[in-house]
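Sequence below, structure please.
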Amino acid sequence: MTPPPPPLDEDLARLSALAREGGAVAPVVLRVQADLFAASRRREAEAAAFGELAVRLLPQVDADTAAHVARRVAALPETPPAVLATLYARGGEAARRVAALAPASLSDTDRPEPLVALARARRNDLALDEIARLLARDDPAIDRALAENPAAPLQGRARADLVARARTRASLARALLDRGDLPPDEAASLYVHADEARRASLLLALATAPRPASRPVSRPRPTPEIVAGLIEAADRGDRATFGSRLAAALGLAATPAWRFEDPERHDVLALALLAAGLREEEAIRIFLTLHPAIARSVPVVFRLVSLFRGAPRSVAARLVEALHDVAIGARRAGRHVPALAPDPRERAGARVFSTLLPERREQTTPPSRTASEA
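Numbers count the residues shown, from 1 in each chain. The predicted structure follows:
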């Protein structure tokens with residue numbers, strides 16, 4: 001009679017003894033032991049033995065086996081830290097799995113490979129110091145993963161760094177705006193990357209939120225000479241001169257990169273003219289002459305007129321300041337209206353944005369110039 005096979009534990013013990021000496025059986029033993037450990041109800045009691053075996057065999061096995069072990073045990077709280085550290089040190093898929101699944105954050109004294117860092121950025125237990133390390137990489141994919149991670153606490157310098165980078169990265173800006181937890185002025189700095197509905201909500205948020213104490217209200221009112229200079233530069237299509245004159249009208253310390261010809265920045269022209277204190281007919285004249293990309297589009301002109309009419313001047317000024325990180329009135333230009341002076345354009349924010357969405361489609365021709373503009 002054939003003797004019965006030895007117990008499975010005895011088979012594994014023999015294979016493990018062979019594996020400790022190296023050879024082809026090491027990957028097989030390690031995979032089986034990882035599966036058994038993951039399925040066991042006695043993981044706490046078996047953790048030390050599994051850890052000793054895994055740490056010994058992991059350097060001998062191929063990348064696929066290491067990744068298999070990581071998939072099976074990285075998320076288990078009973079997995080010995082030494083096993084996680086060994087898997088992490090392997091790099092590749094094994095390290096990425098540990099980075100994404102391990103219950104506790106691993107020491108990150110070195111610079112992990114990009115996919116591993118990306119996995120860390122998507123975790124729901126990120127600490128502020130690890131967020132700082134991830135941001136220090138200045139990797140667009142990692143920045144976006146942090147912005148899209150609702151559990152990542154974006155505060156202070158970390159949030160400021162992401163917002164600054166989002167000014168030139170549309171996808172990052174949209175991810176930050178989707179979070180819904182940016183202060184109004186920081187969200188407004190990303191206005192040009194927002195869709196139409198989001199823009200209206202950003203303007204409304206500025207209208208209803210207290211103004212930061214660090215940004216006192218300033219309402220420059222340009223002289224007739226300043227207005228004439230703006231209109232003259234726009235009529236000539238001299239956008240560089242127009243931009244510098246507009247900055248002077250706003251009392252800015254330097255001229256921003258206005259780029260009004262870019263479709264996503266058309267709104268900024270209307271808001272900047274409103275903030276500078278121009279009248280509606282003066283703004284329309286500029287809309288119709290400054291740049292063909294604006295003047296030749298009836299929907300664009302009507303949108304800018306609607307925005308100019310609907311937005312409170314204080315909101316326009318606040319958005320221009322946020323968008324270009326400038327302070328209106330930093331350099332006095334023209335006459336100045338004190339902050340408490342009455343301004344008929346300052347209407348309740350809840351009523352003024354109804355003109356922005358949707359556009360009035362029944363109009364088919366742009367506003368004509370007034371007789372005084374001819």
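
hey, where'd the helices end up in the stretch 1-150 of the chain?
Secondary structure of the stretch 1-150 of the chain (DSSP state H, counting those that start in this stretch): helices at 8-20, 25-39, 43-57, 63-73, 81-90, 92-101, 114-121, 128-136, 140-148.

Remind me what the fifth one packs against, helices and strands.
Same thing as helix 81-90. If you count contacts as 3 or more Cβ pairs under 8 Å, 6 or more residues apart in numbering; DSSP states H and E, helix 81-90 packs onto helix 43-57, helix 63-73, helix 92-101. In this view, the C-beta of every residue, glycine as well, is placed from N, C-alpha and C.

Mind listing what's buried along it?
Val83, Leu84, Thr86, Leu87, Tyr88, Arg90 (16 or more other Cβ atoms under 10 Å).

Leu30 contacts Leu53, correct?
Yes: taking contacts as Cβ atoms under 8 Å, Leu30 lies within contact range of Leu53: 7.5 Å.

follow-up on the earlier one: could I get the helices of the stretch 1-150 of the chain as CSV with mean pLDDT and distance to Pro224?
Below are the helices of the stretch 1-150 of the chain laid out as CSV (pLDDT from 0 to 100; distance: least, Cβ to Cβ, whole Å):
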stretch, mean pLDDT, distance to Pro224
helix 8-20, 53, 90
helix 25-39, 90, 80
helix 43-57, 90, 82
helix 63-73, 93, 73
helix 81-90, 87, 69
helix 92-101, 86, 64
helix 114-121, 83, 55
helix 128-136, 91, 49
helix 140-148, 94, 46
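
Adding distance to Phe242, write the ones you listed out as a markdown table.
Shown next, in a markdown table, are the helices of the stretch 1-150 of the chain (distance: least, Cβ to Cβ, whole Å):
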| stretch | distance to Phe242 |
| --- | --- |
| helix 8-20 | 76 |
| helix 25-39 | 68 |
| helix 43-57 | 69 |
| helix 63-73 | 59 |
| helix 81-90 | 57 |
| helix 92-101 | 51 |
| helix 114-121 | 43 |
| helix 128-136 | 37 |
| helix 140-148 | 33 |
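
nearest to Arg167, of those?
helix 140-148 (12.4 Å; Cβ to Cβ).

looking just at contacts, which helices and strands does the closest one meet?
The contact analysis (3+ Cβ pairs under 8 Å, 6+ apart) places helix 140-148 against helix 114-121, helix 128-136, helix 156-166, helix 170-179.

That one: how far from the chain's middle?
How far helix 140-148 lies from its chain's middle: 7 Å, per Cα atoms, centre = their mean, to the nearest Å.

what's next to that helix, contact-wise?
Residues outside helix 140-148 that contact it (Cβ atoms under 8 Å, 6 or more residues apart in numbering) are 114, 117-118, 121-122, 126, 131, 134-135, 152, 154, 162, 165-166, 169, 171-172, 175-176, 178-179.

Give the buried residues for it.
Within helix 140-148, the residues that qualify as buried are Ile142, Asp143, Arg144, Ala145, Leu146, Ala147, Glu148, counting by 16+ other Cβ under 10 Å.

And the last one, how far from Ile294?
Put plainly, it is Glu148. Remark: distance between Glu148 and Ile294 (Cβ to Cβ, to the nearest Å) = 34 Å.

still on that earlier bit, give me the buried entries from the contacts of helix 140-148.
Neighbour-count burial (16+ other Cβ under 10 Å) is assigned, among the contacts of helix 140-148, to 117-118, 121-122, 126, 131, 134-135, 152, 154, 162, 165-166, 169, 172, 175-176.

ranges for the strands of the stretch 151-300 of the chain?
Per DSSP state E, counting those that start in this stretch, the stretch 151-300 of the chain carries strands over the ranges 219-221.

which regions of this protein lie under the pLDDT threshold?
Low-confidence segments of the chain (pLDDT under 70): 1-23, 104-112, 213-218, 332-374.

Look up the closest residue to Ala54, ignoring the ones flanking it.
Leaving aside its sequence neighbours, Ala54 sits nearest to Val83 (Cβ to Cβ, 6 or more residues apart in numbering; 4.7 Å).

and the one you found, what does it touch?
Counting by Cβ under 8 Å, 6+ apart, Val83 has contacts Phe50, Gly51, Ala54, Val55, Leu58, Val69, Val73.

what number of residues lie near the nearest residue to Arg43 once chain neighbours are set aside?
The shortest distance from Arg43 to any non-neighbouring residue, by Cβ to Cβ, 6+ apart, is to Glu78 (4.0 Å). Using other Cβ atoms under 10 Å, the number of residues around Glu78 comes to 17.

Check Phe260 too.
So Phe260, with other Cβ under 10 Å, has 21 neighbours.

what's the neighbour count on Leu128?
Leu128 sits with 13 neighbouring residues when counted by other Cβ under 10 Å.

actually Val69, not the one I wrote
Counted by other Cβ under 10 Å, the residues lying close to Val69 total 30.

wait, what's in contact with it?
With contacts defined as Cβ under 8 Å, 6+ apart, Val69 is in contact with Leu30, Arg31, Ala34, Ala54, Leu58, Val83, Leu87, Ala94.

before we move on, the earlier item: how much space is there between the residue nearest to Arg43 and Gly51?
On the measure of Cβ to Cβ, Glu78 and Gly51 end up 10 Å apart.

Same question for Pro222.
As defined by Cβ to Cβ, Pro222 lies at a distance of 74 Å from Gly51.

Tell me which of those two has more neighbours.
Neighbours per residue, other Cβ under 10 Å: of Pro222 and Gly51, the larger number sits with Pro222, 23 against 20.

didn't that one look like it was pressed against Ala275?
No: between Pro222 and Ala275 there is no contact under Cβ under 8 Å: 10.9 Å.

and the nearest residue to Gln60 once chain neighbours are set aside, how many neighbours does it have?
Take Gln60 and drop its neighbours on the chain: the residue closest to it by Cβ to Cβ, 6+ apart is Ala26, 4.6 Å away. Ala26 has 24 neighbours, counted by other Cβ under 10 Å.
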